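Chemist: sequence and predicted structure, then a few things I'm wondering about:
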Amino acid sequence: MAIFSIKTGLLAAAILLVNVNVAQQAQASVSNEVIQLVNRARSQGRVCGNRRFGAARLLSANGSLNRAALVHSSDMAARRQISHTGSNGSTLGQRATQAGYQWRGIAENVASGQRTSTEVVQAWLKSPGHCANIMSPNYNEGGVSAVRGRDGQIYWTMVYGRR
């Protein structure tokens, strides 16, 4: 009996590790996909509301910004609401610093309800403020997270930064 319990416990631990690894790979895939779509948008000039932007240099993915985005998407999903303020009162700057990002410039886009990376980037590009964050030449790094809440909605966060 004891040998079976140990093997069962090890199997459960192995399954948990596989699930965590799959979730991390899925987050990395979503992050890369959104950053590619954002970079495609940044590669050509566009008008965001009444502001004209020229082409901007491409963003590179940053692990610390991904972590800041994941913390915020998870928090929004748990609360079932989107906000730029965390449930603990945290600001974007505080979350980015806590994730280890030493920033000189920082911005954030949030959304919920879009089912795919393409849908969320298209929604952001239609919103003047979100579009301006995407097109701003002030940022050269990005991090993204998408977390499905218990309500079935996906909560998206993209953080833009410059060190």
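Modeler: Alright, I've got the coordinates.
Chemist: is it true that Ile134 touches Arg40?
Modeler: No - with contact defined as CB atoms under 8 Å, Ile134 does not reach Arg40; the gap is 10.3 Å. Backbone N, C-alpha and C define where each C-beta goes, glycine included.
Chemist: which of these two has more neighbours?
Modeler: Neighbours per residue, other CB atoms under 10 Å: of Ile134 and Arg40, the larger number sits with Ile134, 27 against 11.
Chemist: so that one: helix, strand or coil?
Modeler: Following DSSP: H, G, I helix; E, B strand; the rest coil, Ile134 is assigned to helix.
Chemist: I'd like the distance between it and Ser90.
Modeler: Ile134 sits 23 Å away from Ser90, going by CB to CB, to the nearest Å.
Chemist: likewise for Gly63?
Modeler: Shown here: Gly63 relative to Ser90, a distance of 19 Å by CB to CB.
Chemist: need the contact list for the most centrally placed residue in the chain.
Modeler: Centroid-nearest residue in the chain, with CA atoms, centre = their mean: Val144, separated by 2.1 Å. Val144 is in contact with 30-31, 34-35, 66, 69, 156-159, counting by CB atoms under 8 Å, 6 or more residues apart in numbering.
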